[in-house]
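[1] next input, structure requested:
(chains A, B, C and D)
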2 protein chains.
Amino acid sequence: MTIAHPEGLKPRKTPRQARSEVTVEAIFEATIQVLLTEGLRRLTTTRVAERAGVSVGTMYQYFPHKQALLYAVLRRHLDAVAKAVETAGGRYRGQPIATIANGLVAAFIDAKAARADVSRALYLVAAGLDTSELLDGMSRRIHDATATLLESAADAEFDELPLVTFTLLSAMFGTVRMIFERGATPATWRGLRAHLPAMCRAYLRETATEKRPAPTPPVPPSRKTTRPGK
Amino acid sequence: MTIAHPEGLKPRKTPRQARSEVTVEAIFEATIQVLLTEGLRRLTTTRVAERAGVSVGTMYQYFPHKQALLYAVLRRHLDAVAKAVETAGGRYRGQPIATIANGLVAAFIDAKAARADVSRALYLVAAGLDTSELLDGMSRRIHDATATLLESAADAEFDELPLVTFTLLSAMFGTVRMIFERGATPATWRGLRAHLPAMCRAYLRETATEKRPAPTPPVPPSRKTTRPGK
DNA sequence: ACCTGAACACCGTTCAAGT
DNA sequence: ACCTGAACACCGTTCAAGT
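    Numbers count the residues shown, from 1 in each chain, chains lettered A, B, ... in the order given. So this is what the prediction gives:
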């Protein structure tokens, strides 16, 4: 559950007194505020400290450098997203792939949209940091939850589960990310909310080998599994 | 064809003598080299100037600030990608959607993979810059080329062409981007090269209304078009 | 026309001194 | 234990002086 911090990005000390917990919390909140009001480019250690009502020195007592601070903020957000997908994984277990695809996309989009402004700001933060280990950890949680979910599907089996999971998630992550980085219109958002699940369903139907004959629809899924080689 | 520079990101002057053209070219090349060997974080105006064999002052004669320099390098690369998709658009006009999907994905991946290291480095650059106008311009070219291509498909018509184009491209862009930002294994690359087109084909088949009865396959496409509203 | 590089303002980070 | 803020090193940017 806990993701290891890459060396050097650890918080410098853990708060031991009530006073310092308040301080750390204030620093977190100030970081997000400065990020949203001033932008990443103008996010300065001095500015964050000022906004948090502490001195720069205090900040450096908890975070060895600016990167570590941003890293910690990013980590919080990604953790919430991973949790959302894991929860969805529990809820849709054993359902048909259509339901799974819809549920998964909805959970992911909702988690991001809940704090859309923060999400958007953090994409920039993530790019400027060495986040490979953090993203690896979060991706693994989400990947595992998704693979387990797909494996439990009532009406389908997958020959290459890891690759299917990876492709599916890449499209989901990437699409939503794309939307966030450029400001999408509400119309685009609505459109995507329908078309992204549609794409996922179509893909899963294409790559699945049927487990039992589906009850209602007369449409036969393709029999051959797609081969990844070359 | 030419994309307007956002205010303030214009090159400061255009080279008028052969000497300065050489200088600018050296600066471009130096930027990419420093980016690849030192990373974005250690990319310093002094370092780039040194590597290019000119003084900082000279650099500032051509680029008003560091951002403008990075912007220009990014612009070059994106232009090459847009050109690749436009070319593919010409080549696959009037083909069946399966062929179009395959060709489009291949063209895009190839364009990125051609200079994979530069691609990777530039994703970081793009995130740290105000690139909305640049990306809007490039996206428009790619979007237009793709929409025209889809409209020409021999075996399908699309009720909501703009939304379909957008969703398709988002998945493509996003997926490839995802791969680039984290180092993907060759196996993953090969897998994706097969599965990403498969996903695109499945999606297009799902959202298309058939133009003429397909000749070979007995699989009927779904008749109802997916509705984007809520 | 084009180039140089010392000089300036600003930001990340430290550390001796405080409570 | 926790906090302060002047001090230092480094980076982006400028501009008077050169060819």
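[2] please tell me how far residue A:168 sits from residue A:93.
    17 Å (CB to CB, to the nearest Å). C-beta here means a position set from N, CA and C on the backbone, and glycine is covered the same way.
[3] for residue A:28, same thing?
    Separation of residue A:28 from residue A:93 (CB to CB): 34 Å.
[4] so for those two, which residue has more residues nearby?
    Counted by other CB atoms under 10 Å in any protein chain shown, residue A:28 and residue A:93 do not tie: residue A:28 has more neighbours, with 17 against 14.
[5] local confidence estimate at the more buried one?
    With respect to pLDDT, residue A:28 scores 94.
[6] for the closest residue in space to it that isn't next to it in sequence, give me phi and psi.
    If the residues on either side of it in the chain are set aside, residue A:28 comes closest to residue A:73, at 6.2 Å by CB to CB, 6 or more residues apart in numbering or on different chains. For residue A:73, the backbone dihedrals (degrees, to the nearest 10) come out as phi -70, psi -40.
[7] hmm, residue A:125 and residue A:73 touching each other?
    Yes. Taking CB atoms under 8 Å as the definition, residue A:73 is a contact partner of residue A:125 at 7.1 Å.
[8] so these two - more neighbours on which side?
    Comparing residue A:73 with residue A:125 by other CB under 10 Å, the one with more neighbours is residue A:125, at 22 against 19.
[9] tell me, how many residues neighbour residue A:76?
    Based on other CB under 10 Å, the number of other residues close to residue A:76 is 13.
[10] in which helix or strand does the nearest residue to it once chain neighbours are set aside reside?
    Ranked by CB to CB, 6+ apart and with sequence neighbours excluded, the top spatial neighbour of residue A:76 is residue A:28, at 7.5 Å. When elements are assigned from DSSP states H and E, residue A:28 belongs to helix A:18-38.
[11] what residues sit buried inside that helix?
    Within helix A:18-38, the residues that qualify as buried by neighbour count (16 or more other CB atoms under 10 Å in any protein chain shown) are A:23, A:24, A:26, A:27, A:28, A:30, A:31, A:32, A:34, A:35.
[12] for residue A:88, give me its contacts.
    Residues in contact with residue A:88 (CB atoms under 8 Å, 6 or more residues apart in numbering or on different chains) are A:103, A:104, A:106, A:107, A:108, A:145, A:149.
[13] residue A:87 and residue A:106, how far apart?
    If you go by CB to CB, the gap between residue A:87 and residue A:106 works out to 12 Å.
[14] check which helix or strand the closest residue to DNA strand D within chain A maps to.
    Taking CB to the nearest atom of the strand as the measure, the point where chain A comes nearest DNA strand D is residue A:57, at 1.9 Å. Secondary structure assignment for residue A:57, by DSSP H and E: helix A:56-62.
[15] confirm residue A:145 sits in a helix?
    Yes. Secondary structure of residue A:145 (DSSP: H, G, I helix; E, B strand; the rest coil): part of a helix.
[16] mind listing residues that contact the host helix or strand of residue A:137?
    With secondary structure defined by DSSP H and E, residue A:137 is part of helix A:132-151. Contact partners of helix A:132-151, identified using CB under 8 Å, 6+ apart, comprise A:3-6, A:71, A:74-75, A:78-79, A:81-82, A:85-86, A:88-89, A:92-93, A:97, A:100, A:104, A:126, A:156, A:158, A:161-162, A:164-166, A:168-169, A:204, B:182-183.
[17] okay, residue A:73: pLDDT?
    The predicted local confidence for residue A:73 is 93.
[18] right, I mislabeled it, should have said residue A:135
    With respect to pLDDT, residue A:135 scores 87.
[19] neighbours of it, how many?
    18.
[20] quick one: contacts for the residue most central in space within chain A?
    The C-alpha lying nearest the average C-alpha coordinate of chain A belongs to residue A:81 (CA atoms, centre = their mean; 4.6 Å). With contacts defined as CB under 8 Å, 6+ apart, residue A:81 is in contact with A:108, A:111, A:112, A:138, A:142.
[21] phi, psi of the second one?
    The phi/psi pair for residue A:111 (degrees, to the nearest 10) reads phi -60, psi -40.
[22] wait, it touches residue A:87, no?
    No. With contact defined as CB under 8 Å, residue A:111 does not reach residue A:87; the gap is 9.4 Å.
[23] one step back: what's the farthest-apart pair in the contacts of residue A:88?
    In the contacts of residue A:88, the most distant members under the criterion CB to CB are A:106 and A:145, with 14.6 Å between them.
[24] okay, these two: which has more neighbours?
    For the pair residue A:106 and residue A:145, the greater number of neighbours falls to residue A:145 (22 against 16), based on other CB under 10 Å.
[25] from residue A:193, how far off is the more buried one?
    Shown here: residue A:145 relative to residue A:193, a distance of 21 Å by CB to CB.
[26] so what's the closest residue to residue A:92 other than its chain neighbours up against?
    If you skip the residues right next to it in sequence, residue A:92 has residue A:103 as its closest partner in space, 4.3 Å away by CB to CB, 6+ apart. Residues near residue A:103 by CB under 8 Å, 6+ apart: A:88, A:91, A:92, A:95.
[27] tally of neighbours for the residue of chain A found nearest DNA strand C?
    With CB to the nearest atom of the strand, the shortest gap between chain A and DNA strand C falls at residue A:65, namely 3.1 Å. The tally of other residues near residue A:65 (other CB under 10 Å) stands at 14.
[28] next, it: phi, psi?
    According to degrees, to the nearest 10, residue A:65 has phi -160, psi 170.
[29] how many other residues sit next to the residue nearest to residue A:102 when sequence neighbours are not counted?
    In space, not counting the residues next to it along the chain, residue A:102 is nearest to residue A:197; the distance is 4.7 Å by CB to CB, 6+ apart. Around residue A:197 sit 21 other residues, with neighbours defined as other CB under 10 Å.
[30] got it, and residue A:211?
    As a burial measure, residue A:211 scores 13 neighbours (other CB under 10 Å).
[31] hey, what's the residue nearest to it when sequence neighbours are not counted bridged with?
    Closest residue to residue A:211 apart from its sequence neighbours, by CB to CB, 6+ apart: residue A:157 at 5.2 Å. Residues found in beta-bridge contact with residue A:157 (criterion: DSSP bridges) are residue A:209.
[32] is it correct that residue A:157 is in contact with residue A:208?
    Yes. Contact status for residue A:157 versus residue A:208: in contact at 6.6 Å, counting by CB under 8 Å.
[33] extract the C-alpha set from the host helix or strand of residue A:193 and format it as CSV.
    Taking DSSP H and E as the definition, residue A:193 sits inside helix A:186-207. Output of helix A:186-207 as CSV, limited to C-alpha atoms (Å, rounded to 0.1, in the frame of the first residue of the first chain):
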residue,chain,number,x,y,z
PRO,A,186,-18.0,20.9,-21.5
ALA,A,187,-19.3,19.5,-24.8
THR,A,188,-16.1,17.7,-25.4
TRP,A,189,-16.2,16.3,-21.9
ARG,A,190,-19.7,15.0,-22.3
GLY,A,191,-18.8,13.5,-25.7
LEU,A,192,-15.7,11.8,-24.2
ARG,A,193,-17.7,10.4,-21.3
ALA,A,194,-19.7,8.4,-23.8
HIS,A,195,-17.1,7.6,-26.4
LEU,A,196,-14.2,6.6,-24.2
PRO,A,197,-16.2,3.8,-22.6
ALA,A,198,-17.5,2.9,-26.1
MET,A,199,-13.9,2.6,-27.3
CYS,A,200,-12.9,0.4,-24.3
ARG,A,201,-15.9,-1.9,-24.7
ALA,A,202,-15.2,-2.3,-28.4
TYR,A,203,-11.6,-3.1,-27.7
LEU,A,204,-12.3,-5.6,-25.0
ARG,A,205,-14.9,-7.3,-27.1
GLU,A,206,-12.4,-7.5,-29.9
THR,A,207,-9.6,-9.1,-27.9
